[in-house]
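Novice: Need a 3D model of the following:
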Amino acid sequence: MKVVLFCGGEGMRIRDHSGPLPKPMVCIGYRPILWHVMKYYAHYGHKDFILCLGHGADHIKRYFVDYDETVSNDFVMEAGGKVDLLQSDIHDWRITFVDTGMKSNVGERLQAVRPFLKGEEWFLANYADGVTSAPLGEMIDFAKASGRAATFLGVQPNYTSHVVRSDADGNVLGIEHVTEIGLRINGGFFVLNERVFDYMQPGDDLMGDPAHRMTAAGELGTFMHNGFWACMDTFKEKQLLEDIHSGGGAPWEVWSHDPPYTGDGASPAVSASGAAPQAPIPAPEA
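Specialist: Presented below is the predicted three-dimensional model:
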């Protein structure tokens, strides 16, 4: 299945700390979060990527054109400087780079790459700014079995707000933590059927009017995941992911702690859903 990655947004909330780099190129460890997202999909056998570019497109293109396998792989350097890699990351990846506009929304970017999805009944899509331990094979199986036009990963929010119930006189009737009320948010990981385009009109954002149209038609579903998920919208969230990564065993690095995937992309050799439940993620300080 092809993987559409939305990489063209300006990332305004993290831009003060990322400088000229687009958000997908902000690093966790020594690789950008975009690489972590692509590595996750590649682990499950999905290695044909379409990058929807916009802001900072030159940085993304240059990164992959000049990709250095030695940064994240062991190697042997012989006399004369010859390098023999002991493993590699992206030698079997196919990456299509498409300019989808500087100011386009996610829906416009998706429609811009539609010609590159010709013949694909099912495909994957991602905001390219979040990581998860979700069992992708199970999510794909769930989406296909439902037959809906769109399925997104439903995750628990990892912030620490409290929800207050009150009456018309201002009396507080109850206070509950946001994680205790069953609230789910869109984690930014999608399994889409080609019929999703039937619900989109020019200028639409994917989770705007098209989501409402699909909901009304029973064509929008969610795959609920209680394991690890985190996004990187702010510098504090970047620091949090950095801390998890530097501690070793980052839960989204399924390629490090799950057996290599050897199937056809339909399901993982060993389901990541068997992993321990997600430990509470400390929210960034206000």
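
Novice: Show me where this protein has its helices.
Specialist: For the chain, applying DSSP state H gives helices covering 12-18, 33-43, 57-65, 106-112, 136-146, 209-216, 235-246, 254-257.

Novice: from what I can see Q156 touches L183, true?
Specialist: Yes: proximity of Q156 to L183 meets the contact threshold set by C-beta atoms under 8 Å, at 7.1 Å. For every residue, glycine as well, the C-beta is placed using N, CA and C.

Novice: And these two? Which one has more around it.
Specialist: Q156 (20 against 15; other C-beta atoms under 10 Å).

Novice: so what pLDDT did the more buried one get?
Specialist: For Q156, the model assigns a pLDDT of 87.

Novice: neighbours around the nearest residue to it once chain neighbours are set aside, how many?
Specialist: Once flanking residues are discounted, Q156 sits nearest to T179: 5.6 Å by C-beta to C-beta, 6 or more residues apart in numbering. Neighbours of T179 under the rule other C-beta under 10 Å: 16.

Novice: Please report how far T179 lies from V83.
Specialist: From T179 over to V83 the distance is 47 Å, taken as C-beta to C-beta, to the nearest Å.

Novice: re the thing from before, distance to D99 for the helices of the chain - can I get that in a markdown table?
Specialist: What follows is the helices of the chain, written out as a markdown table (distance: least, C-beta to C-beta, whole Å):
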| stretch | distance to D99 |
| --- | --- |
| helix 12-18 | 20 |
| helix 33-43 | 16 |
| helix 57-65 | 6 |
| helix 106-112 | 8 |
| helix 136-146 | 28 |
| helix 209-216 | 23 |
| helix 235-246 | 26 |
| helix 254-257 | 30 |
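
Novice: Quick one: closest of those helices to V4.
Specialist: Among those, helix 106-112 comes nearest to V4, with 6.5 Å by C-beta to C-beta.

Novice: What lies in contact with that closest one?
Specialist: Under the criterion C-beta atoms under 8 Å, 6 or more residues apart in numbering, residues 4, 6, 8-9, 52, 54, 98, 100-101, 104, 125, 127, 196-197, 200, 202-208, 210 lie in contact with helix 106-112.

Novice: Restricted to buried residues, select the residues you listed in PyMOL.
Specialist: In PyMOL syntax, the buried subset of those is picked out as below (16 or more other C-beta atoms under 10 Å):
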select buried, resi 4+6+8+9+52+54+98+100+104+125+127+196+197+200+204+205+206+207+210
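
Novice: residue furthest from the geometric center of the protein?
Specialist: Distance from the C-alpha centroid of the chain peaks at D169, with 43.3 Å (C-alpha atoms, centre = their mean).

Novice: what stretches of the stretch 51-200 of the chain score poorly on pLDDT?
Specialist: For the stretch 51-200 of the chain, no stretch is flagged by pLDDT under 70.

Novice: can you give me the strands for it?
Specialist: 75-77, 83-85, 94-99, 122-126, 130-132, 150-155, 162-166, 172-177, 185-193 (DSSP state E, counting those that start in this stretch).

Novice: Relative to D233, which of those strands is closest?
Specialist: The nearest among the strands of the stretch 51-200 of the chain, by C-beta to C-beta, is strand 130-132 at 8.8 Å.

Novice: Parallel or antiparallel, list what pairs with that closest one.
Specialist: Strand 130-132 has its sheet partners listed here by DSSP bridges as strand 229-231 (antiparallel).

Novice: average model confidence for the strand it pairs with?
Specialist: For strand 229-231, the per-residue pLDDT averages 93.

Novice: what's the offset of that strand from the middle of its chain?
Specialist: Its chain's average C-alpha position is 9 Å from that of strand 229-231, according to C-alpha atoms, centre = their mean, to the nearest Å.

Novice: now stretch 60-68
Specialist: Worked out by C-alpha atoms, centre = their mean, stretch 60-68 lies 20 Å from the chain centre.
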